[in-house]
Each structure stands twice: as structure tokens, then as C-alpha cells.
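Student: For reference, the sequence and a predicted model appear below.
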Amino acid sequence: MNDDELTAVLSRAGFSEYEAEAYLGLLRLHDASVGDLTDICSVPRARLYDVLRDLAADGYVETYEQDTLRARIPNVDRAVEELREWADGFENAADELEDVWDRPSIEHTDISVFQTQKGTIEKAIDYVSEANHVVQICASPAELVEMEAVLGTIHERGVTVRIALNFDPADSTTEDLPDMFSRVATEARRCEANGPFVALIDGSIAVLAIDNELDGEYGLVVDDNTLTSFLHWFFQLQLWEPWDTLYSESVGHPETYVSVRQLIRDLEMLHTEDETVRVRVNGVDLRSHEMVEVEGEVVDVIYTDVYPTRDTTFAQQFIQAALRIRTGDGEYTVGGYGAVVEDIRAIEIDVIGIE
């Protein structure tokens, strides 16, 4: 970088043109009089006095009187620190430009559209890293490897992680995944539906990333109860329930459910009327819209005349299914994704005892 370029950089960092020239001249001389600086920089002699005093006031140089006004630079720490801060600012601005480019010109507070699959998945990773309860993902082997670190972190702190692996026999990465599952997943299934990337985080955030010849490349990030429930149904019915389990850590642990319908099926099949089932529900109070945790006894299951089973049609799956639980504070109705009329929309339900 030549002198002109360095002067231009200092000017962008807040120096005036004269201050930049005087500072660089003094930097080369280390200690100099006004006359010495006049010989090597283009700042007028009459202006150098004020320029040096301004630089001294800002802490860049020290001035002192001998036969005439002299100045010296004790160290370059102040200037170097400010330049590094400017460099960080430029780098952050560049990252923000890329982020904004991924978005459309029109945005909605609850829906963000991204122009690239890569940008969408990066945003999904950000949301996944902040998850507190449940993460459900449909991903290719390569996408899963990209998310390994963040999934391992949230799994270690107790977040339920369900992975539908978009299985591709031709992808050699698939061979190494079974060793990964115990570190990153609560349960993993082999999905042969060739689905898009999907991530559902804590019941409220949904991410969808598309990249194919028919539709092109784009992504959606949704923070909306109704739209998120649609993506939940797509995940549950097409990407999860039909497929075989590759890995599960549920043996020896309390059973955790993220689907109210699946819990109802299991309760109907596994317990008798004489048994008491106790559950712990983490979810959203639909009146206050605040996160709540309630624990109590299941006193009723609510569903329509057509009972949801694996043979149920797609339309019948949207019929209401809910639990009624009794706690020390009273009774609550608990629904799943898209719950509207219930008291609580469940994010996860732990079966803590059957007696």
C-alpha cells in the first residue's frame, strides 16, 4: 500500500487529509519539529501547528516545546485499534449486505423469504442454536454434517432432536451417520420421500429450503402458528411417520412426545382404564401467549368420531385431537401444532408415570 492509499484509508477512518499526512510523516520521523515535517509532507507550515495540536488532543501524538514546537508518536496503539475497529465494521457491513441480498424487497414481520438455500439453512442453524425444547429436521446427509456441531450442543443440554434423514444410497456420507446419531439426535428415521430441507424449532419457528430444477432455489423462515402447523403436518405425515427408525435413545428414558395424536394412539394401545397417566407439558398458553409448564393426570382424550390411526386419510388427520389434564390448579385442555380452542398449545409432552 503506497502513501496515497494509506492516507486515503486514514481519512476514511476519521482523520482529516492534513492530519493523515502529518501523522504518516511523523510516523516515519518518530520525533520531529514543524520544519522537519514541512520538508516531507504537503501540509502548509502555518497549518501544521493546529494539525499537530488536534492530533495531540485526540491522543495520537505528543507535542512539546524546545526551540520550536515538536511532536512525537509514543506508540501507534490508538491508531491501530481504531483501524481494526473500522475493519471489523466493514466486515460486518459486508456480511449484512449478503444477508439482505438473500431477502426479498418486501418483508413481513412473521415471514422472511431467502433467495438461496445456503442462506436459509444458515438462518435455521441460528434458530436451532437457541432452541429450548424440540427441534425436528429433515435434512440430507451433507446438510446434517453441516449442522452436527449445533445439534450436538443442543442435544447435550437436553433438547429433543428428531431427524428425518433424506436417504441417498449414492451419498458416501450416509455410511458415517449412524455414529453421529447418538451425539446429535433423540431419534432418527430414514426418509425416502426426497423431501426439502425442513426445520421446526420449539413449536413456533419453521424453516423450509428448496433447491430443485422445477422450483428453483429459495427459502422461507416462518414465525406464525398457523403456517408452522402446516409444515408440521407435512413433516409428520410425509417425512416422519411412514419411515423406519434408524436410531432411538428412548429406551430407559421418560417418553417425550411432540405429537398429541401420537401420544393419544399410544395411550389407547398401552394403558388400561384403571391406570393413571401423568404427563408434563411444555407449551404456550393460548390466552397470555406465554411459555408455560404444567404437570398433571390425563383425565380425558378428545378427538372426533373417526379415530386417527396410521390408516387414517390425510383429511381426517386434521380433526381435533387434545388431552384434558388435571393439575393442582385445575383442568387444562392441551392441543398440538395449530391449536386454537384449547388452553395450551403443546411443544413437548413427557409421560412421567403410568400407575
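Tutor: That came through, no problem.

Student: Please point out which parts of the helix or strand containing residue 325 sit buried.
Tutor: Taking DSSP states H and E as the definition, one finds residue 325 inside strand 321-327. Of the residues in strand 321-327, those with enough neighbours to count as buried (16 or more other C-beta atoms under 10 Å) are 321-325. For every residue, glycine as well, the C-beta is placed using N, CA and C.

Student: could the residues you listed go into a markdown table alongside distance to residue 79 and pLDDT?
Tutor: As requested, the buried residues of strand 321-327 are arranged in a markdown table below (distance: C-beta to C-beta, whole Å; pLDDT from 0 to 100):
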| residue | distance to residue 79 | pLDDT |
| --- | --- | --- |
| 321 | 66 | 80 |
| 322 | 66 | 87 |
| 323 | 66 | 89 |
| 324 | 69 | 91 |
| 325 | 65 | 93 |
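
Student: average pLDDT across the helix or strand encompassing residue 262?
Tutor: Secondary-structure assignment from DSSP H and E places residue 262 in helix 260-270. In this model, helix 260-270 carries a mean pLDDT of 77.

Student: Adjacent strands (with direction) for the following helix or strand past it?
Tutor: Downstream of helix 260-270, the first helix or strand assigned by DSSP H and E is strand 277-285. Strand 277-285 pairs in its sheet with strand 291-303 (antiparallel), strand 344-354 (antiparallel), by DSSP bridges.

Student: Please point out which parts of strand 277-285 sit buried.
Tutor: Neighbour counts using 16+ other C-beta under 10 Å place 277-284 of strand 277-285 among the buried residues.

Student: same check, this time on stretch 135-155
Tutor: Along stretch 135-155, these residues count as buried under the neighbour rule (16+ other C-beta under 10 Å): 135-141, 143-144, 146-147, 150-151, 154-155.

Student: Stretch 197-211 too?
Tutor: Result for stretch 197-211 [16+ other C-beta under 10 Å]: buried residues 197-209, 211.

Student: So which of these sit within strands?
Tutor: 197-201, 205-209, 211 (DSSP state E).

Student: picking up where we left off before, counting only strands, which of the buried residues of stretch 135-155 make the cut?
Tutor: The subset of those located in strands under the criterion DSSP E comprises 135-139.

Student: pull the CA atoms of the strand holding residue 325 into CSV?
Tutor: What follows is strand 321-327, C-alpha atoms only, in CSV (Å, rounded to 0.1, in the frame of the first residue of the first chain):
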residue,chain,number,x,y,z
ALA,A,321,-57.1,-34.2,19.0
ALA,A,322,-56.4,-33.0,22.5
LEU,A,323,-55.8,-34.0,26.1
ARG,A,324,-57.6,-32.9,29.2
ILE,A,325,-55.2,-32.9,32.2
ARG,A,326,-55.9,-32.2,35.9
THR,A,327,-53.3,-30.3,37.9
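
Student: residue contacts, residue 127?
Tutor: Under the criterion of C-beta atoms under 8 Å, 6 or more residues apart in numbering, the neighbours of residue 127 are 199, 201, 205, 207, 221.

Student: and what of residue 25?
Tutor: Taking C-beta under 8 Å, 6+ apart as the definition, contacts of residue 25 comprise 32, 37, 40-41, 43.

Student: Quick check: the farthest pair among those?
Tutor: Taking C-beta to C-beta as the measure, the contacts of residue 25 span a maximum distance of 12.3 Å, between 32 and 43.

Student: which one of the strands paired with strand 277-285 lies closest to residue 56?
Tutor: Closest of the strands paired with strand 277-285 to residue 56 is strand 291-303, at 56.0 Å (criterion: C-beta to C-beta).

Student: Give the buried residues for that closest one.
Tutor: Across strand 291-303, burial judged by 16+ other C-beta under 10 Å covers 294, 296, 298, 301-303.

Student: and these as a markdown table, adding distance to residue 247 and pLDDT?
Tutor: As requested, the buried residues of strand 291-303 are exported to a markdown table (distance: C-beta to C-beta, whole Å; pLDDT from 0 to 100):
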| residue | distance to residue 247 | pLDDT |
| --- | --- | --- |
| 294 | 30 | 93 |
| 296 | 31 | 92 |
| 298 | 28 | 90 |
| 301 | 29 | 84 |
| 302 | 33 | 80 |
| 303 | 30 | 71 |
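
Student: wait, which of those is closest to residue 117?
Tutor: residue 303 (37.6 Å).

Student: what's the closest non-adjacent residue to that closest one?
Tutor: The shortest distance from residue 303 to any residue that is not its chain neighbour, by C-beta to C-beta, 6 or more residues apart in numbering, is 4.5 Å, and that residue is residue 321.
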